[in-house]
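Chemist: pasting the sequence and the predicted coordinates here, then a few questions.
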Amino acid sequence: MKQTGRAALILAALGLTLGLAGCKERPPGVYDVSVSEAYRRLLADKLADMVYAKQCGILVHVTPVGMLDRQVTWKVHSSGREVVQFTALLSVVGEKQTKVEIRVPPAPGGGEMYDGSQFYKRPAFNQPLRPAVQEQVAAILEGRKFDVQRVGPGKDSVCNVQRGGLEMGRPFRVDD
Amino acid sequence: MKPLYLAGFLVAGISIYLPAIRPNTEGAVYRVSIAQARQALTRAELPPLVFGSEPPDVQVRDTGNSQIVWIARREGEELFRYTAQLKAEGDGATRVKVKLEGAQGRTVNFAQKLAEHPEIRNMYLIAMEEQVAATLERRPFEITRVYPAMTAATVANMGALRSSLDQAAAASEQAARKNIEKAYRDEAAGLRR
């Protein structure tokens, strides 16, 4: 009887250990890829899934621009005009680990662009944009699909209305 | 003691709920003469709300032999018909029994659909019974009297409802995606809106 109890305790302890090991998480923004692989993947991606999920009523085009193994900036244009850009700064954590920090430029009136409190007559993306960029970067570096459910709903009612126009085949223009 | 109270409440609840989700097979007696009932019912429409945002067209026929018939059509095709059978019950009272028959149309076999979904059939019948009652009692139609039958129909068809909602959402998403892709193609081709 004693032996059975001891075996149960050991099994429980083993399970706990395995469970704890399984729950070990990376710090936020750290991915299990080398910095050169992270750079290669991010530079090759035009963020199509994020754009489709979060764009508003104007047509946008994303161009990735890189500084080798240090950063990737995505410049977003509409009708030839740059409307926003955001950057992933890469730093080495280990041989096979990279930390990615997202930078979005400051907004003229305070805060950062598309932070959820800004007003745009012709917004490019629903706000807040940062969580969507983080999710898209994570999806690329974790080798999975962009999951809009992880981003949460947009708060920009102007965007929602103009998106409706685009979905009905009536896009807006940034210079309207 | 508590379980007895609970059982009592359950029995009372079920005995109130069950009649409310089944049509009245005996019909109902109204304090109007058969001539008045006929005259009023020939002006009655189909019950509101239960047929959704696009109710079918309706034609009312007084067959002259104590029957009023409402024929429901969509794009000229008969879907179903309600028949109210009127019977004098002494002086100044009329018994009205409502029937519902599905049609075997060119494109839709509504008779078969009603037979396959008795809860929906019951809901349509109860709604028309309420419409008849409201007309002969000269009061507004009360949708609350249809709620129990509507709930029963909804619960019984939950899977189909969810599936058709999912299909509608997927179709809408697909149409939106196509429009967005076309907008980008048009832009690339130099076509401005």
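Modeler: That came in fine, so what should we check first? Just so it is clear, the structure is predicted and the values come from calculations on it, not from any experiment.

Chemist: near chain B, which residues of chain A show up?
Modeler: For chain A, the residues in contact with chain B (CB under 8 Å from any CB of the partner chain) are A:Tyr52, A:Leu59, A:Leu166, A:Glu167, A:Met168, A:Gly169, A:Arg170, A:Pro171, A:Arg173. C-beta: built from backbone N, CA, C; applies to glycine.

Chemist: show only the entries of those residues found in helices.
Modeler: Applying DSSP state H to the residues of chain A next to chain B, the entries found in helices are A:Tyr52, A:Leu166, A:Glu167.

Chemist: from those residues, list just the buried residues.
Modeler: Among these, the ones that count as buried by 16 or more other CB atoms under 10 Å in any protein chain shown are A:Leu166, A:Glu167.

Chemist: which of the ones in helices among the residues of chain A next to chain B sits closest to chain B?
Modeler: Here the nearest of those to chain B, counting by CB to the nearest CB, is A:Glu167; it sits at 3.7 Å.

Chemist: can you verify my assumption that the closest one contacts B:Lys182?
Modeler: No: assessed by CB atoms under 8 Å, A:Glu167 is found out of contact with B:Lys182, at 11.0 Å.

Chemist: now A:Arg39: how far from chain B?
Modeler: Careful, residue A:39 is Tyr; it's not Arg. Distance, A:Tyr39 to chain B, using CB to the nearest CB, to the nearest Å: 28 Å.

Chemist: doesn't that residue fall inside a helix?
Modeler: Yes: according to DSSP: H, G, I helix; E, B strand; the rest coil, A:Tyr39 belongs to a helix.

Chemist: any idea how far it is from B:Pro148?
Modeler: 64 Å (CB to CB, to the nearest Å).

Chemist: dump the residue contacts of the residue nearest in space to the middle of chain B.
Modeler: The centroid of chain B falls nearest to B:Tyr124 when counting by CA atoms, centre = their mean (3.0 Å). For B:Tyr124, the contact set (CB atoms under 8 Å, 6 or more residues apart in numbering or on different chains) comprises B:Val50, B:Phe80, B:Leu100, B:Leu114.

Chemist: among these, which one lies nearest to chain A?
Modeler: Among the contacts of B:Tyr124, B:Val50 lies closest to chain A (CB to the nearest CB), at 30.3 Å.

Chemist: so which residues of chain A form strands?
Modeler: Secondary structure of chain A (DSSP state E): strands at A:30-31, A:61-67, A:71-78, A:81-94, A:97-103.

Chemist: got CSV for those, with mean neighbour count and distance to B:Gln67 too?
Modeler: As requested, the strands of chain A are arranged in CSV below (neighbours: other CB atoms under 10 Å in any protein chain shown; distance: least, CB to CB, whole Å):
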stretch, mean neighbour count, distance to B:Gln67
strand A:30-31, 20, 76
strand A:61-67, 15, 69
strand A:71-78, 20, 67
strand A:81-94, 18, 69
strand A:97-103, 18, 74
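
Chemist: figure out which of these is closest to A:Tyr120.
Modeler: Closest to A:Tyr120 of the strands of chain A, according to CB to CB: strand A:81-94, at 8.3 Å.

Chemist: other SSEs contacting the closest one?
Modeler: When contacts are defined as 3 or more CB pairs under 8 Å, 6 or more residues apart in numbering or on different chains; DSSP states H and E, strand A:81-94 packs onto helix A:35-43, strand A:71-78, strand A:97-103, helix A:130-142.

Chemist: try it again with 10 Å
Modeler: Packing contacts for strand A:81-94, counted by 3 or more CB pairs under 10 Å, 6 or more residues apart in numbering or on different chains; DSSP states H and E, involve strand A:30-31, helix A:35-43, strand A:61-67, strand A:71-78, strand A:97-103, helix A:130-142.

Chemist: what strands line up against it, and which way round?
Modeler: When sheet partners are counted by DSSP bridges, strand A:81-94 sits next to strand A:71-78 (antiparallel), strand A:97-103 (antiparallel).
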